[in-house]
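Peer 1: Need a 3D model of the following:
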Amino acid sequence: MDSTWSTRQVLSTFLDFYRERGHALLDDATLIPPPGDPVLFTSAGMHPLTPYLEGRAHPLGRRLTGVQRCLRTTDLDEIGDDTHLTMFQMLGSWSLGDYGGTQSLRWGYELLRDGFGIPAGRLHVTVLDGDRDTCETWQRLGVPIEALGEDDNWWSNGPSGPCGPDSEIFVWTGDGPPTGTPSSDRRWSEVWNHVMMRYRRHPDGTLGPLRQPGIDTGMGLERMAMVLQGRSTVFDIDVFEPWRRSVSSLWSPSRLVYDHLRASVVVIGDGVHPSNTGRGYVLRRLIRRTLSTLWRVDPSRTLADLPVEPIGSTVEHHGLTVDPRYVLDVLLYEERRFAALLRRGRPLVERLVARGPLTDDDLHYLHDTHGIPPDLVEEMLTAGRE
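Peer 2: Numbers count the residues shown, from 1 in each chain. Predicted coordinates for the structure are as follows:
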């Protein structure tokens with residue numbers, strides 16, 4: 001692909017394409033979900049739009065586009081592979097009872113081929129087996145299809161709410177001509193998902209027709225930039241360059257360190273502070289996982305050595321209003337708290353371990369009496385050791 005694409009160009013190309021087709025631009029939403037949403041952080045571009053996908057009239061109309069910051073704690077254990085990030089940006093387009101799936105897929109194909117310059121021969125899609133309209137649309141466009149079951153091509157927003165079949169679009173990222181299918185060859189990289197919101201799942205698990213069928217599409221900005229920039233991992237795209245340069249000059253490269261520090265900057269920029277509960281605990285966990293990773297190699301490492309440049313770059317990219325030096329102060333304050341907790345708590349944990357494997361009663365004792373949650377016990381045993 002053309003490595004001259006910048007992440008900003010990917011973003012503007014997507015949004016301009018849909019604005020030219022009558023879509024109103026949504027404000028760049030924070031990670032904090034709207035009131036009434038039970039999730040700690042917005043984890044999908046459609047979360048703030050759920051009431052409108054269910055039929056409420058949106059003040060900007062029936063065609064929308066935008067970019068949404070997202071954070072998924074469920075992906076923490078996958079951080080370090082080529083495509084997963086804790087915090088990422090999701091490009092989206094929505095039809096609220098306006099056009100249907102055929103139009104959405106046609107526009108998607110047009111944007112990928114003409115807007116982003118991806119050759120048609122490098123595309124492949126998956127569809128829900130039996131979704132005839134979607135299959136026929138892709139067949140008319142000449143794009144290869146792989147039909148899969150609901151585990152692969154059905155999207156829902158939790159156990160209840162709007163849902164429906166989806167079609168995932170993949171781009172070939174390997175050398176040479178494309179081979180295989182998305183389910184058989186990992187060189188097919190998923191870049192975009194078009195969800196046909198036709199149903200509503202009720203709390204008892206039954207499905208009913210959605211009062212206002214719509215379309216919800218989501219494209220991971222960083223993943224699309226990876227494809228267009230010809231990179232093999234999202235950590236090699238341009239927005240990570242300040243982190244790679246700064247962290248590599250201080251410590252050995254670590255994707256988890258890049259990822260968690262960048263995510264922490266955005267979480268702090270959206271007004272969250274480390275704490276023992278809720279969103280603050282997620283932030284605290286990100287910072288402490290970063291420190292544990294650093295200290296396992298060298299306990300003298302400190303975030304005080306981190307220059308403000310990568311923090312400032314992330315603040316600027318996401319349009320945050322927070323002072324980068326303030327963000328660094330928050331990180332350093334949490335580092336001091338964690339170091340003190342390790343000094344105080346590690347001897348307690350080691351004494352318990354010396355008696356044998358830790359029991360549930362041991363974990364409750366450490367948490368209730370000394371404030372050491374179960375997910376930090378391993379850090380107590382390993383972080384800071386020579």
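
Peer 1: thinking residue 202 is in contact with residue 160, fair?
Peer 2: Yes. Under the criterion of C-beta atoms under 8 Å, residue 202 makes contact with residue 160 at 6.2 Å. Heads up, the C-betas are built off the backbone N, CA and C, glycines and all.

Peer 1: can you point me to the longest helix in this protein?
Peer 2: For the chain, the helix reaching the highest residue count under DSSP state H is reported as helix 324-355.

Peer 1: Could I get the buried residue list for the helix or strand following that helix?
Peer 2: Next along the chain after helix 324-355, taking DSSP states H and E as the criterion, comes helix 360-370. Across helix 360-370, burial judged by 16 or more other C-beta atoms under 10 Å covers 362, 363, 366.

Peer 1: mind listing what the last one touches?
Peer 2: Right, the one you point to is residue 366. Residue 366 sits next to 345, 348, 349, 352, 372, 374, 377 when contact means C-beta atoms under 8 Å, 6 or more residues apart in numbering.

Peer 1: if you set the cut-off to 6 Å instead, what comes out?
Peer 2: Going by C-beta atoms under 6 Å, 6 or more residues apart in numbering, residue 366 touches residue 372.

Peer 1: and it, how far is that from residue 166?
Peer 2: Separation of residue 366 from residue 166 (C-beta to C-beta, to the nearest Å): 44 Å.

Peer 1: Show the pLDDT at residue 384.
Peer 2: As predicted, residue 384 sits at a pLDDT of 40.

Peer 1: What helices and strands are in contact with the host helix or strand of residue 191?
Peer 2: Secondary structure assignment for residue 191, by DSSP H and E: strand 188-201. Under the contact definition 3 or more C-beta pairs under 6 Å, 6 or more residues apart in numbering; DSSP states H and E, strand 188-201 sits against helix 101-110, strand 161-172, strand 207-220, helix 221-228.

Peer 1: Pairing partners for the spatially most central residue of the chain in the sheet, please.
Peer 2: By C-alpha atoms, centre = their mean, the chain has its centre lying nearest to residue 88, at 4.0 Å. Beta bridges link residue 88 to residue 70, judged by DSSP bridges.

Peer 1: tell me the contacts of it?
Peer 2: Neighbouring residues of residue 88 by C-beta under 6 Å, 6+ apart: 70, 220, 222.

Peer 1: Next up, the contacts around the last one.
Peer 2: This means residue 222. Counted by C-beta under 6 Å, 6+ apart, residue 222 has contacts 88, 234.

Peer 1: re the thing from before, per-residue pLDDT, the residue nearest to the centre of the chain?
Peer 2: pLDDT at residue 88 comes out at 94.

Peer 1: Quick check: it vs residue 357, distance?
Peer 2: For residue 88, the distance to residue 357 (C-beta to C-beta) stands at 38 Å.

Peer 1: likewise residue 324?
Peer 2: 44 Å.

Peer 1: Who has more neighbours out of the two?
Peer 2: Using other C-beta atoms under 10 Å as the criterion, residue 324 and residue 357 rank with residue 324 on top: 20 against 7.

Peer 1: shaky segments in the stretch 251-386 of the chain?
Peer 2: Scanning the stretch 251-386 of the chain for pLDDT under 70 picks out 375, 379-386.

Peer 1: just to revisit the earlier point, how close does the residue nearest to the centre of the chain sit to residue 49?
Peer 2: Distance from residue 88 to residue 49, by C-beta to C-beta: 18 Å.

Peer 1: again with residue 136
Peer 2: Where residue 49 is concerned, residue 136 sits at a distance of 28 Å (C-beta to C-beta).

Peer 1: And those two? Which one has more around it.
Peer 2: Between residue 136 and residue 49, counted using other C-beta under 10 Å, the more crowded position is residue 49 (25 against 12).

Peer 1: Residue 327 against residue 312, yeah?
Peer 2: No. Look at residue 327 against residue 312 with C-beta atoms under 6 Å: they stay out of range, at 8.9 Å.
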